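In: What would the 3D arrangement of this be:
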Amino acid sequence: MSRFLLEFHYFIVSSQAQPSFRGTLRFGAYEADPRSGELRKHGLGIALEEKPFQALVILLQHPNEVVTREELRTQLWPADIFIDFDNSLNTVIAKTRRALNDSAENPRFIETVGRRGYRFMALVESSAPDQEQRGSAATPTAQGASSVIVLDSPKATASEHMDGPNPAFVETAKPQTHRTAVRYTFLIAGALVAIAVLLVGLNVGGLRDRFLPGPSPGPIKSLAVLPLENLSGDKEQEYFADGMTDELITDLAQIGALRVISRTSIIQYKGTKKSLPEIGRELNVDVVVEGTVTRAGNRVRITAQLIRATTDKHLWAEEYEGDLSDILKLQSEVARAITSEIQIKLTPQEDNRLASARPVNPEAYEAYLKGLYYLEKWSADGTRQAIGYFQQATEKDPRSALGYTGLAECYMHWSPLPQKESAAKAKAAAMKAIELDETLGEAHGSLAMVRFIDDWDLPGAEKEFKRAIELNPSSGEAHHEYSHYLMQMGRTEESFNESNRFLELDPLSPAANLHLGWHYLFANKYDAAIEQLQKTLKMDPNYVEAHSWLGQTYEQKKMYEQAVTEFQKAIALSRGDSYYRGLLGHAYAIAGKRDEAQAIIAALKSESSPASPTDLEIATIYAGLGDRDQAFAWLEKAYQRRSRYLPYFFRVNPMFDSLHSDPRFANLVQRVGFPR
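Out: This is a model prediction of the structure:
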């Protein structure tokens, strides 16, 4: 009989009868004796500790079945013993594999089933320890007969190889003629083939995947790092595990040949029960990294495993431990090991950056991680707390480049300070971070934004954007902001490429989906913009900016009623923000509701102050009313205070299309620094 039928028959027997082997368990050149606790290869003993041996026996007794991690825990450790279970089990399995000269990457015996447990892959034979185990067989077998049914010889009867009585076979064990035995053998073979075709076709128990594998998976080009699990036993350490996740993403994102998913999309899987293939499909990645972080004082242990997303196949696993002061080195070791396993060729520059991790001040680094935790809440209150922690980091360690990078991001995006002061602080922090560590892509990204929207230094901005992307090719934020820059420079196709790259790196992020809708609007592709922005609102119905840009798109389609509705939603969600009221006033103006538009102008003028200027909002409404003189007068005020809006949106915003034919528009564009 073919090897396929032998293995298939064994699968049927093991999955239905689930035998409990009592004798020596044999597989390949190895044998394990549960009675003596010995593991032998070709009869020679192999040293193996008690727990790894017990784990091996459990797996051998359930061949081709998934034994869950929880089942192993229950059988290996009493319930009243407290241990770091995940790490202990990882160590036990690693020791078992070493004894068998097996590997997680290309397993011959023990296969890891991602997020579930382990499966023993090879055929297992059990020798009967005494006559009682063999007594019910019609034809006695020699000592050491296998419990796997072997039908290579037409003279062999099924019961000769059973590990104990089986009513289905006892009757057929009576003496038979040679012809009857042959016919019986072929009947069994035919039945097995028929059942095999059915079950393989239905992929029962993964048989189709095992015996009829699909095309070999191609090279690994994309990766997602799932949120690392906090095993410290202290919920207050969640920020630490999240920070480790972010830093590992950042390290891997430096590799140009690899697409690494951004944190915004990854964080949605924290605590998820979704399967890895499902996650892989949603993120469109080849492999997934998952692992744990354990911290005890200044000691840190990181475990990581690499799994093929489409097949759930375990590729690699390792454990790293060290002092908090060496945390950057530990993270780099993990990143380098992953790139080695997936056979990504690093450039000399990438290899040097990963290899040059320096020791850190533990207190400063801890403050930095807390700052990162609050910054990523993306709120004004969170940013205020983040600034405090980043300042602590730079005070504890004046050479903390990461602390200065965090401060630059805070002052650039969510600063509670006036624009001019925020810009100055963001620039100073970014330049200090680059002075301390020129290879920090995030610092170059923050400096690029300062050059772009505050300094109006457009050539200097592009230089920094390119450097940020060179250092961190998988930085979604860098691609995002560079897309804005390119659009204002009139390089629409390049901007679109950056928009798509942002979405590839952050597919589940509302911001990335919103940005593509924004791009369609500014490229005058209104139907595509509406479809994309509606998709974004399905992801987050309360996303203020999505309502705002959808309203502006409806306005360009002359769907004024729908536009007004979206602007009113944005105003309500933002608690009356003047920017969205200006957009509503513009919609009223071009819809012919001049009184409503004038009322909003009057309200904005009365509220305007140096701390909260409304010159751009008022200019927008006057443009809608067709009053060019007033529109340019208020735009000039925005120019004099160097409004960030002018370089970021002004040149290609369709709300100002009516002003383009006026020479004053070209003059303003030139003074801001854009090409004519």
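In: which residues in the stretch 251-400 of the chain form helices?
Out: 263-266, 276-283, 327-341, 348-355, 362-375, 380-396 (DSSP state H, counting those that start in this stretch).
In: can you list the domain ranges for the protein.
Out: Taking automatic domain parsing as the reference, the chain has its domains at 3-197, 222-359.
In: ranking those domains by burial, who's on top?
Out: Of those, the one with the most neighbours on average (mean count of other C-beta atoms under 10 Å) is domain 222-359, at a mean of 19. Placement of C-beta: from N, CA and C, glycine included.
In: Can you give me the end-to-end span of that one?
Out: 30 Å (C-alpha to C-alpha, to the nearest Å).
In: now stretch 320-328
Out: 12 Å.
In: what is the rounded mean pLDDT of it?
Out: Averaged across stretch 320-328, pLDDT comes to 90.
In: cool, stretch 65-85 as well?
Out: Rounded mean pLDDT across stretch 65-85 is 78.
In: now stretch 594-609, how far from the chain's geometric center?
Out: 46 Å (C-alpha atoms, centre = their mean, to the nearest Å).
In: got the buried residues for that stretch?
Out: Neighbour-count burial for stretch 594-609 flags Ala597, Gln598, Ile600, Ile601, Leu604, Ser608 (criterion: 16 or more other C-beta atoms under 10 Å).
In: Once you drop chain neighbours, what's closest to Thr383?
Out: Trp414 (3.7 Å; C-beta to C-beta, 6 or more residues apart in numbering).
In: Test my guess that that neighbour contacts Ala380.
Out: Yes: at 5.8 Å, Trp414 counts as touching Ala380 under the criterion of C-beta atoms under 8 Å.
In: re the thing from before, which one of the domains of the chain has the lowest average pLDDT?
Out: The lowest average pLDDT among these, as it happens, falls on domain 3-197, at a mean of 65.
In: any chance of the helices of the stretch 251-400 of the chain in a markdown table, plus distance to Ala591?
Out: Converted to a markdown table, the helices of the stretch 251-400 of the chain look like this (distance: least, C-beta to C-beta, whole Å):
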| stretch | distance to Ala591 |
| --- | --- |
| helix 263-266 | 36 |
| helix 276-283 | 41 |
| helix 327-341 | 55 |
| helix 348-355 | 54 |
| helix 362-375 | 40 |
| helix 380-396 | 33 |
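In: nearest to Phe109, of these?
Out: Comparing the helices of the stretch 251-400 of the chain by their distance to Phe109 (C-beta to C-beta), the top pick is helix 327-341, with 19.6 Å.
In: which one is Ala587 nearest to, not counting chain neighbours?
Out: Ala587's closest residue in space is Ala563 (C-beta to C-beta, 6+ apart), at 4.7 Å.
In: neighbour-wise, which of Trp414 and Ala380 wins?
Out: Set Trp414 next to Ala380 and count neighbours by other C-beta atoms under 10 Å: Trp414 wins out with 19 against 10.
In: If I look at that one, what pLDDT would I see?
Out: pLDDT, read off for Trp414, is 76.
In: before we move on, the earlier item: the residue nearest to Ala587 against Gln552, yeah?
Out: Yes: with contact defined as C-beta under 8 Å, Ala563 reaches Gln552; the gap is 7.3 Å.
In: Quick check on the residue most central in space within the chain: phi, psi?
Out: Closest residue to the average C-alpha location of the chain: Ala224 at 3.2 Å, with C-alpha atoms, centre = their mean. The phi and psi values for Ala224, taken as degrees, to the nearest 10, are phi -130, psi 130.
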